[in-house]
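*Asks:* sequence unknown, structure follows:
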């Protein structure tokens, strides 16, 4: 997939999301106009309107360029593995879905499990799994990092800030 | 006068001094680690400041930010991997010096230039912020609304190559910032019947997700996809003249430092430009004005001084728009603005009236942080150099777990951890598709204030749509906003045309050659 095709799909998704918000999200979940001041829906509508307008404009630009059979610029017509940093903040490139999910899933499981199982156990298991996912196969190092981090954060939260750790309290 | 003395005394109270010191030390350490920068550090540590007094908290975060700016130079000089984007220019001359065994000397120059730039900039902030804020007090809601509109437009261009995508990101940020209780009706808005959203989304999980967690997701690609990315460090020379900076070498760069500081102050005071612009401009000027242009990029100390003095001068100068107008000029200041708000203070000209003692305390903290940066950098340089060698396999689990627990700490809520993960996911996609998360965050922070100003304009003017035309400053600012948008589009179109013409000419030339 070229970068242009990917951008076009992204703009389509954004435009679809904006239309959904304008037709359903904002009208349904915004209080009615109280009769004074600006309508509570005004600023949300304007901000989503800007998003929709810019997405349509970008789609139009891509459409016109495709219709005239001209590439917008050389770097947009092909899609290298990684485009590198852009303006120092973004890292334009291919989305690595497998990596993304393998990293996110342990975190999501932690959030769910910590409600039912004590912090100390869940955190230790999470850190062990997480280190395995990122490729750490040094078991002693993994255990030391997991135990130390779990203990340090427990002590800092419980005794430093006086905040109970999440989940059922063991002691 | 009493206020000034009381404020300055507050800043040198033992607790303040201790936390500023700790903040600077952690900042340098974090900045030295490639991939972790100042705004990310502030996002991670804001939850910790919940348990501090407002002045101690701001002093700690300011110290963290100042330390991280210098810390970025450590990895830039030693590894050619700038810890922060603004340290990129530092690596051009710093790394060649390291290759010659003069890494320690380069770092000393970076330290002294950073402290000089930071100190001069702090003095300028102290001298001009309060008088400018007094003028800004005459601004009404119409001017504030117009000013925030202008700021959002200017800021939309940061962190992306396309203002279109920047505006989309800012719009998304505003929409997310409006979730919660609507100010006029006091009823929930855009909460989608999720009761935890009734109070709005907290800045901490959103910022940690977008800044820190998404960055870690990106950096982890090296390990889960490409299979590792360790680095090697160069060894320092043991010769004293290669390690220490002589008085002659220091004074040879003072002019460059002063110029860099002034550039940094100018750039920092303007919202939207940021420290990388300042350091590149200063480096460029230093090279153009030097008698030894050919030595730049091969290990010239002046190059390091130019970049570091400019980027450090941005730190205090970027607080000028924050204190005078209540508008963050860059991401780090946006995070500081969030910290002010968390501690119950709205940055802007009114702070000088309502919390004068606190403001002078902040000034004192800024000066103390500069002093601590010099002390910590001078005596801890070798220790901080070791930070760049922390194995990633140990570092990343620590950062990820800190992100999770930091998000929880703010309101002791696992819902916030879920929000952090969601915004980490969104941030990852935003970076991959070149959407500016900086514009998103600033839109998110400014949205409530923007809407409040609009509501005030509508209520005061009783729906008079010509309100803006009756206020010349507001009208001027709105005109400037439209001009910025039009100009950016025009430049974008011209750039595209130029590129196309060049490609066509190149293709034509190629055809002629083959004929």
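*Replies:* It's in. Everything numeric here is computed off the predicted structure, so don't read it as measured data. Residues are numbered from 1 along each chain as shown, chains lettered A, B, ... in the order given.
*Asks:* what's the spacing between the residue located most distally from the centre of chain A and chain B?
*Replies:* Here chain A reaches farthest from its C-alpha mean at residue A:35, the gap being 37.9 Å by C-alpha atoms, centre = their mean. Per C-beta to the nearest C-beta, to the nearest Å, residue A:35 is found 10 Å from chain B. Yep, even glycine has a C-beta here, placed from its N, CA and C like the rest.
*Asks:* Look at that residue and give its secondary structure.
*Replies:* Three-state assignment for residue A:35 (DSSP: H, G, I helix; E, B strand; the rest coil): coil.
*Asks:* Which strands or helices does the biggest helix by length in chain A pack on?
*Replies:* Taking DSSP state H as the criterion, chain A has its longest helix at helix A:42-67. Where contact means 3 or more C-beta pairs under 8 Å, 6 or more residues apart in numbering or on different chains; DSSP states H and E, helix A:42-67 is packed against helix A:3-20, helix A:26-28, helix B:163-177, helix B:437-461.
*Asks:* right, so of those helices, which gets closest to residue B:95?
*Replies:* Across the helices and strands packed on helix A:42-67, residue B:95 has its closest neighbour in helix B:437-461 (26.9 Å, C-beta to C-beta).
*Asks:* After the closest one, which helix or strand is next?
*Replies:* helix B:467-470 (DSSP states H and E).
*Asks:* So for the residue farthest from the centre of chain A, what's the pLDDT?
*Replies:* For residue A:35, the model assigns a pLDDT of 83.
*Asks:* Any idea how many residues pack against residue B:248?
*Replies:* 7 (other C-beta atoms under 10 Å in any protein chain shown).
*Asks:* how far off helix B:437-461 does the longest helix of chain A point, in degrees?
*Replies:* Using axes from the mean of the first three to the mean of the last three C-alpha atoms, to 10 degrees, the direction of helix A:42-67 lies 130 degrees away from that of helix B:437-461.
*Asks:* that older thread, mean neighbour count, the helices and strands packed on helix A:42-67: which tops it?
*Replies:* Scoring the helices and strands packed on helix A:42-67 by mean neighbour count under mean count of other C-beta atoms under 10 Å in any protein chain shown gives helix B:163-177 as the most buried, with a mean of 27.
*Asks:* For it, name the packing helices and strands.
*Replies:* For helix B:163-177, where contacts count as 3+ C-beta pairs under 8 Å, 6+ apart, the packed elements are helix A:42-67, helix B:141-155, helix B:437-461, helix B:472-514.
*Asks:* repeat that with 7 Å
*Replies:* helix A:42-67, helix B:437-461 (3 or more C-beta pairs under 7 Å, 6 or more residues apart in numbering or on different chains; DSSP states H and E).
*Asks:* wait, which of the helices and strands packed on helix A:42-67 is closest to residue B:289?
*Replies:* Residue B:289 lies closest to helix B:437-461 among the helices and strands packed on helix A:42-67, at 31.6 Å (C-beta to C-beta).
*Asks:* so how far is the closest one off the chain centroid?
*Replies:* Relative to the centre of its chain, helix B:437-461 is centred 21 Å away, using C-alpha atoms, centre = their mean, to the nearest Å.
*Asks:* same question, stretch B:422-433
*Replies:* Chain-centre distance of stretch B:422-433: 19 Å, with C-alpha atoms, centre = their mean.
*Asks:* can you pull the buried residues of it?
*Replies:* Along stretch B:422-433, these residues count as buried under the neighbour rule (16 or more other C-beta atoms under 10 Å in any protein chain shown): B:422, B:423, B:424, B:425, B:426, B:427, B:428, B:430, B:431, B:432, B:433.
*Asks:* could you check the angle helix A:3-20 makes with the helix or strand hosting the fifth one?
*Replies:* Spelled out, that is residue B:426. Element membership for residue B:426 (DSSP H and E) is helix B:414-432. Calculated by the same axes, to 10 degrees, helix B:414-432 forms an angle of 140 degrees with helix A:3-20.
*Asks:* Could you name the helices and strands sitting against helix B:414-432?
*Replies:* Under the contact definition 3+ C-beta pairs under 7 Å, 6+ apart, helix B:414-432 sits against strand A:90-93, helix A:97-113, helix B:203-207, helix B:214-224, helix B:392-411, helix B:437-461.
*Asks:* I'd like these as CSV, with mean pLDDT appended.
*Replies:* Formatted as CSV, the helices and strands packed on helix B:414-432 follow (pLDDT from 0 to 100):
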stretch, mean pLDDT
strand A:90-93, 65
helix A:97-113, 91
helix B:203-207, 87
helix B:214-224, 81
helix B:392-411, 87
helix B:437-461, 87
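*Asks:* would you turn these into a markdown table with distance to residue B:326?
*Replies:* Shown next, in a markdown table, are these (distance: least, C-beta to C-beta, whole Å):
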| stretch | distance to residue B:326 |
| --- | --- |
| strand A:90-93 | 27 |
| helix A:97-113 | 35 |
| helix B:203-207 | 15 |
| helix B:214-224 | 27 |
| helix B:392-411 | 23 |
| helix B:437-461 | 7 |
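*Asks:* just so I know, which of the ones you listed lies nearest residue A:50?
*Replies:* Here helix B:437-461 is closest among these (C-beta to C-beta), at 10.2 Å.
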